[in-house]
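*Asks:* I would like to see how this sequence folds:
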Amino acid sequence: MKLSGLLTRHSPQLPGVTGVARVERRADGLLRRVSAGDIAVLDAIDLDRQTAEGLVAAGVAGVVNAAPSISGRFPNLGPEILIGAGITLVDNVGAEVLRAVKDGSKLRLHEGAVYLGEKEVGRGIQQTAESVADQLIQARSGMSAQLEAFSANTIEFLRTERSMILDGIGVPRVDIAMAGRHVLVVAAGPDHEADLAALKRYLREFRPVLVGVGGGAVALRKARMRPHLIVGDPRDMDEETLRSGAQVVVPADSDGYAPGMERIQDLAIDGVAFPAAANPEDLALLLAHEHGAELVVTVGMRAGLHEFLDRGRSGSNPSTFLTRLKLGDTLIDSRAAAALYRNRVSTGLVVLLLATAMIAVLAALVGSGVGANYIDLTVDLWHDVVNWGKGLFT
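*Replies:* Predicted structure coming up:
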């Protein structure tokens, strides 16, 4: 009998959260690679809501942030979402962790420390619900300074892009007819799939032009709808989405260089560049407006005060404010559209009302003195019709 198995010493289970490390400085690139049980390692100051919701949806076990997840500039919601989902967040570890941790290595988080095996390679602050709440309270005091900076950025954006915002100069022509039609613009924002599903009645009645922005194009395909237009960097999209038959609009630098255009050309897909400093969501809205859309309905594109201040959301928030100001009353959110359709009288209710009215009329006839005469007349008429029909076949 061999005793080797009996004599093997089992190492004790080390405390903390373990998982495979997925290392990416940029959050958007990281979200495309993480999966359930991974530990995401990124560098994102003021972790935004959209990134946090993407990490929660992926099912990560933990998040290591090289930067402060709440800097105090404004009360961003990302850390609160992660903690609320039970995900371990180790904060403000320092940029060295991005070099010390290799993608695919086994990582362990415990009490603010980052371990490779038993070796500590970084240390930060493990956030809790209480610590995040305290930091958010302090961050609210920085709102006024952030609003001033936002106002200055908006004025600067208007100075550099005023011809596009005011006159539509530089907005490319596309082959999709939008004049006088409704346009539905779908982006991969908060609850975008649920909001899209809530628009079934609206979609059946108006059959709008479908525009997918980045991951919004994937959401349309998942809902068994083919986008007419795709706006975004083709390098961030799968080939099946790009080959769905839609025309692709590729964001470009002000000098016209669009890095993603190379992939479009390799796939022999119809694409056009859109040189502008605005983010892809706003480019999609400007396209719809300049091509004469009667109404633009947005999905996954929140634009509240926090979204305007959150630089991590898209990087060019002054464009969001000015674009929405330009579209004015032609722009509505999908939740408003869905609410309007929920409040409309349903077909079933109309049938019920008609049936109730007919029963009331019949009851009135029966109760009146002439009701019996109408009933006898109806019966005689029915017999005449039956006899006439029999005569046709004899």
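*Asks:* any low-confidence regions in the stretch 201-350 of the chain?
*Replies:* Counting by pLDDT under 70, the stretch 201-350 of the chain has low-confidence residues at 303-317, 341-350.
*Asks:* so what does the host helix or strand of residue 204 touch, helix or strand wise?
*Replies:* Element membership for residue 204 (DSSP states H and E) is helix 200-206. If you count contacts as 3 or more CB pairs under 8 Å, 6 or more residues apart in numbering; DSSP states H and E, helix 200-206 packs onto helix 334-342. Using the backbone N, CA and C atoms, a C-beta is placed for each residue, glycine as well.
*Asks:* which of the residues in the helix it packs on are buried?
*Replies:* 334, 335, 337, 338, 341 (16 or more other CB atoms under 10 Å).
*Asks:* so which of those is the closest to residue 91?
*Replies:* Of all the buried residues of helix 334-342, residue 335 has the smallest distance to residue 91: 32.4 Å, by CB to CB.
*Asks:* which residue, neighbours along the chain excluded, lies closest to that closest one?
*Replies:* residue 195 (6.2 Å; CB to CB, 6 or more residues apart in numbering).
*Asks:* kindly indicate whether the one you found is helix, strand or coil.
*Replies:* Of the three states, residue 195 takes helix under DSSP: H, G, I helix; E, B strand; the rest coil.
*Asks:* residue 17 against residue 112, yeah?
*Replies:* No: assessed by CB atoms under 8 Å, residue 17 is found out of contact with residue 112, at 11.9 Å.
*Asks:* check contacts around residue 70.
*Replies:* The contact partners of residue 70, by CB atoms under 8 Å, 6 or more residues apart in numbering, come to 46, 47, 76, 79, 132, 135, 136, 139.
*Asks:* residue 139 versus that one, what's the distance?
*Replies:* Separation of residue 70 from residue 139 (CB to CB, to the nearest Å): 6 Å.
*Asks:* quick one on the thing from earlier: give me the subset of the contacts of residue 70 lying in helices.
*Replies:* Those of these mapping onto helices are 79, 132, 135, 136, 139, per DSSP state H.
*Asks:* I'd say the second one and residue 83 touch.
*Replies:* It stands for residue 132. Yes: counting by CB under 8 Å, residue 132 does reach residue 83; the two are 5.6 Å apart.
*Asks:* can you give the domain ranges for the chain?
*Replies:* The record's domain parsing of the chain by automatic domain parsing lists 14-139, 170-341, 347-392.
*Asks:* show me which of the contacts of residue 70 is closest to residue 237.
*Replies:* Using CB to CB, residue 47 is the member of those that lies nearest residue 237, at 24.0 Å.
*Asks:* if you average pLDDT over the lengthiest helix in the chain, what comes out?
*Replies:* Ranked by residue count under DSSP H, the longest helix found in the chain is helix 143-167. Taken as a whole, helix 143-167 has a mean pLDDT of 76.
*Asks:* so what secondary structure elements neighbour that helix?
*Replies:* If you count contacts as 3+ CB pairs under 8 Å, 6+ apart, helix 143-167 packs onto helix 305-309, helix 317-327.
*Asks:* where does the stretch 1-150 of the chain dip in pLDDT?
*Replies:* Scanning the stretch 1-150 of the chain for pLDDT under 70 picks out the ranges 1-12, 142-146, 150.
*Asks:* for it, what spans make up the helices?
*Replies:* 4-7, 27-31, 49-58, 78-84, 96-100, 129-139, 143-167 (DSSP state H, counting those that start in this stretch).
*Asks:* residue 223: which of these is closest?
*Replies:* helix 49-58 (16.4 Å).
*Asks:* distance to residue 149 added to the domains of the chain, as a markdown table?
*Replies:* Formatted as a markdown table, the domains of the chain follow (distance: least, CB to CB, whole Å):
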| stretch | distance to residue 149 |
| --- | --- |
| domain 14-139 | 8 |
| domain 170-341 | 9 |
| domain 347-392 | 52 |
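*Asks:* picking that back up, tell me which residues are up against the helix holding residue 204.
*Replies:* Applying CB under 8 Å, 6+ apart, the external contacts of helix 200-206 come out as 182, 184, 208, 225, 297, 337, 338, 341.
*Asks:* tell me the buried residues in that helix?
*Replies:* Neighbour-count burial for helix 200-206 [16+ other CB under 10 Å]: 202, 203, 206.
*Asks:* if we can go back for a sec, tell me the angle the helix or strand following the longest helix of the chain makes with helix 334-342.
*Replies:* Once helix 143-167 ends, the next helix or strand along the chain (criterion: DSSP H and E) is strand 182-187. Comparing the axes of strand 182-187 and helix 334-342 via axes from the mean of the first three to the mean of the last three CA atoms, to 10 degrees yields an angle of 130 degrees.
*Asks:* using CSV, write out the CA atom coordinates for strand 182-187.
*Replies:* The C-alpha trace of strand 182-187 is given here as CSV (Å, rounded to 0.1, in the frame of the first residue of the first chain):
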residue,chain,number,x,y,z
HIS,A,182,-39.1,58.1,-36.3
VAL,A,183,-35.6,57.0,-35.5
LEU,A,184,-34.7,54.7,-32.6
VAL,A,185,-31.1,55.1,-31.3
VAL,A,186,-29.9,52.3,-29.0
ALA,A,187,-26.8,52.5,-26.9
